[in-house]
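S.K.: sharing a sequence plus its predicted fold:
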Amino acid sequence: MDEEVKSLGVFLALTDDDCTRFTGQQEISAEFDLSVYSGKATSTLLQKGSTKATFTKKLTEVGFDKLVLHTQLFDAEDNSKTLRDDYITITANVLMYTKPNIVRLPETANSLKRRQTFAANHLQRQANLFASEKHAFATDFILYSNDGQEFRTSRFLLMAHSPVFAAMLTHDLQEKQQSLCKLADVDPECVEILLDFLYGCGVDKITAANAEKALIMADKYQMADLRRACEDVLLDSVNSETAVRYLILAHQRGLDVLKEVALGVIPKNMKNVLTAKNLEEVLQSHPDVVELIMEHCSKRMRTANE
């Protein structure tokens, strides 16, 4: 009994037996109800409390400081005891448990195949819809290419694949209000590449001829997977004629793999590189790239002489 505040506190404490039972566990969780009754029976309930707690090595006791007030135990006027037979009965319902150890089984070949099949089928259904006449009924947004051509699509797919479109269509901007976006710097060919990508039709339309502009579009709208697909096409197209141009693009766009491949081609084909069309004009416009080339060539020469 707390004489100062005139109340009865009831606590649940973790015993040595409990600690032994949960050996090795860092935390033990518990849910419990504590009830106080007047007398030896449980017919007259004075107070009840329920709580949850997590026991640790430092916290081994949890409960209620003031579960039953003094006025519930004694008559306020004559201070006589109102408890039956001068007894109180305390009951506790306790549930104790530890956090389960989740074991993740290694993925089998069959489960991996099922997941891959599911993903492929999902994309194929989207692609089939995109190629059908029903596609027009499933669109709610229009993209306009730089020549004014109209391409209908889904704002859901745009938002799912592009943080730029997601921001555009969740704020009170003109594009959201009018359900259209004018891509002033994107030609029809690139818009088709964009839509094929959104609907899971693949990236077969990306070629060495259009990969650079498609990559710039993917960069602008922060479409990482489409950007990687464009870079893959460029990697397959690096040669003595394209190496400097691709190096400039890679340096500007942060394409580290393409940069290394292009730098590797230049010293091996220096004669052809130096005779490439518009090389002098290109290098004058990008002195930082010239520095990269010179540094790379010097490094190769040092390595060869060691």
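M.R.: Yep, that arrived.

S.K.: drop to CA atoms for contacts and neighbour counts, all remaining ones
M.R.: Will do.

S.K.: secondary structure class of Gly202, three-state.
M.R.: Following DSSP: H, G, I helix; E, B strand; the rest coil, the label given to Gly202 is coil.

S.K.: so how many other residues sit close to the closest residue in space to it that isn't next to it in sequence?
M.R.: Closest residue in space to Gly202, ignoring its immediate chain neighbours: Asp196 at 6.1 Å, by CA to CA, 6 or more residues apart in numbering. Counted with other CA atoms under 10 Å, residues neighbouring Asp196 total 19.

S.K.: pLDDT score for Asp196?
M.R.: At Asp196, the model reports a pLDDT of 90.

S.K.: where's it relative to Ala224, distance?
M.R.: Distance of Asp196 to Ala224, given as CA to CA, to the nearest Å: 15 Å.

S.K.: give me phi/psi at the residue nearest to Gly202?
M.R.: The phi/psi pair for Asp196 (degrees, to the nearest 10) reads phi -60, psi -40.

S.K.: and if you look at the one 4 residues further on?
M.R.: Phi and psi for Gly200, reported as degrees, to the nearest 10, are phi 70, psi 30.

S.K.: surely it and Asn128 touch.
M.R.: No. Contact status for Gly200 versus Asn128: not in contact, 9.3 Å apart, counting by CA atoms under 8 Å.

S.K.: mind telling me what element the nearest residue to Leu226 once chain neighbours are set aside is part of?
M.R.: Spatial nearest neighbour of Leu226, excluding adjacent residues (CA to CA, 6+ apart): Ala218 at 6.0 Å. Assessed by DSSP states H and E, Ala218 sits inside helix 211-220.

S.K.: pull out the buried positions in that helix.
M.R.: 211-219 (16 or more other CA atoms under 10 Å).

S.K.: can you count the residues close to Thr89?
M.R.: Here the number of neighbours of Thr89 (other CA under 10 Å) works out to 15.

S.K.: I'd assumed it was in a strand, is it?
M.R.: Yes. Counting by three-state DSSP, Thr89 is part of a strand.

S.K.: excluding chain neighbours, what is closest to it?
M.R.: Tyr37 (4.9 Å).

S.K.: report the next helix or strand after the helix or strand bottoming out on mean pLDDT in the chain in sequence order.
M.R.: When each helix and strand of the chain is scored by mean pLDDT, DSSP states H and E, helix 16-21 comes last, with a mean of 58. Next helix or strand after helix 16-21 toward the C-terminus (DSSP H and E): strand 28-38.

S.K.: neighbouring strands for that next one, and are they parallel or not?
M.R.: strand 45-55 (antiparallel), strand 88-97 (antiparallel) (DSSP bridges).

S.K.: give me the buried stretch members for it, please.
M.R.: Across strand 28-38, burial judged by 16+ other CA under 10 Å covers 28, 30, 32-38.

S.K.: just stretch 252-261 next, same as before
M.R.: Neighbour counts over stretch 252-261 (16+ other CA under 10 Å) mark 255, 258-259, 261 as buried.

S.K.: these two touch, right, Asp187 and Asn146?
M.R.: Yes. Here Asp187 reaches Asn146: they are 5.3 Å apart, a contact under CA under 8 Å.

S.K.: which residue of the two possesses the greater neighbour count?
M.R.: Taking neighbours as other CA under 10 Å, Asp187 and Asn146 compare with Asp187 leading, 18 against 15.

S.K.: how about the more buried one, what does it touch?
M.R.: 145-147 (CA atoms under 8 Å, 6 or more residues apart in numbering).

S.K.: distance of it from Cys181?
M.R.: Taking CA to CA, one finds Asp187 at 13 Å from Cys181.

S.K.: all good on my end, thank you.
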